[in-house]
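Trainee: Structure for the following, please:
(chains A and B)
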Amino acid sequence: QLQLQESGPGLVKPSETLSLTCTVSGGSIRSTIYYWGWIRQPPGKGLEWIGKIYFDGTTYTNPSLKSRVTISVDTSKNQFSLTLTSVTAADTALYYCARQHNWNYGRADFDYWGQGTLVTVSS
Amino acid sequence: QSALTQPASVSGSPGQSITISCTGTSSDINSYNYVSWYQQHPDKAPKLMIYEVSNRPSGVSSRFSGSKSGYTAFLTISGLQAEDEADYYCSSNTRTSHVVFGGGTKLTVL
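Mentor: As a prediction, this is how the structure comes out:
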């Protein structure tokens, strides 16, 4: 059974950089059929897509966050990571990592999700 | 890219059917059949309920169904049960290979 687990600091100071890692177990991140994505949810609000990465390092990022977001992959560790620079209180959210089907293979949904990790931006 | 438009809330009584709409643009829903729906209970991660407009993953009840017409996708839940009370989100792939979510709909089972 595939599992995803987010890890990283739960508290980040304003203007600093948020860094999270998602560890994938029970399956290989090298699969051509999937992308690996980040989604966040501010407290009491809806889901916001942050971006996704392919095993070869190809990335797509939400235009509204593009200048601050970097997504990377480490296939040797079966992990992918998110960095978000210059954070503000508006970046306080539950951050999820998830597996997304590659639409070139007929699907584009997120079928496996991590449990989410709360990141609070506060001094 | 703009969020897909969903009603903030819907409600229904046990046994009834409800439908949640999700309206997009020519850059997403109208262009592709990559619409999916997610159920989220409080303090839980979202769960995939429908993919490719109308397909159900293994293990999802047949009471959940999806459809699409033009710029709008729909999630229908028939035979409403108390356990269906949750937030529901639609999402779509876009022309630029990005993803856009709807704002979410809170379903209340009366």
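
Trainee: Okay, strands next: where are they in chain B?
Mentor: B:9-12, B:18-23, B:35-40, B:47-50, B:64-69, B:72-77, B:86-93, B:99-101, B:105-109 (DSSP state E).

Trainee: Excluding sequence neighbours, find me the nearest residue to the spatially most central residue of chain A.
Mentor: Centroid-nearest residue in chain A, with Cα atoms, centre = their mean: A:Trp38, separated by 2.4 Å. Once flanking residues are discounted, A:Trp38 sits nearest to A:Ile50: 4.0 Å by Cβ to Cβ, 6 or more residues apart in numbering or on different chains. Every residue, glycine included, has its C-beta placed from N, CA and C.

Trainee: which SSE is that neighbour in?
Mentor: Under the criterion of DSSP states H and E, A:Ile50 resides in strand A:48-53.

Trainee: Kindly export that strand (C-alpha atoms) in PDB.
Mentor: Written as PDB, here are the backbone C-alpha positions of strand A:48-53 (Å, rounded to 0.1, in the frame of the first residue of the first chain):
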ATOM      1  CA  GLU A  48      -4.900  25.200  -3.200                       C
ATOM      2  CA  TRP A  49      -2.600  23.500  -5.700                       C
ATOM      3  CA  ILE A  50       1.000  24.500  -5.200                       C
ATOM      4  CA  GLY A  51       2.800  22.400  -7.800                       C
ATOM      5  CA  LYS A  52       4.000  19.000  -9.000                       C
ATOM      6  CA  ILE A  53       7.200  17.300 -10.100                       C
END
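
Trainee: other SSEs contacting that strand?
Mentor: Strand A:48-53 makes packing contacts with strand A:34-41, strand A:59-61, strand A:69-74, strand A:79-84, strand A:93-101, strand B:99-101 when contacts are defined by 3 or more Cβ pairs under 8 Å, 6 or more residues apart in numbering or on different chains; DSSP states H and E.

Trainee: what residues does it touch?
Mentor: Contact with strand A:48-53 is made by A:35-42, A:59-62, A:65, A:69, A:71-73, A:80, A:82, A:84, A:93, A:95, A:100, B:91, B:98-101, as judged by Cβ atoms under 8 Å, 6 or more residues apart in numbering or on different chains.

Trainee: Give me the phi and psi for A:Trp103.
Mentor: phi -60, psi -20 (degrees, to the nearest 10).

Trainee: so what's it up against?
Mentor: So A:Trp103 contacts B:Tyr32, B:Tyr34, B:Asn93, B:Ser97 (Cβ under 8 Å, 6+ apart).

Trainee: For the first one, give its distance to chain A.
Mentor: When Cβ to the nearest Cβ, to the nearest Å is applied, the distance between B:Tyr32 and chain A equals 8 Å.

Trainee: Thanks a lot, catch you later.
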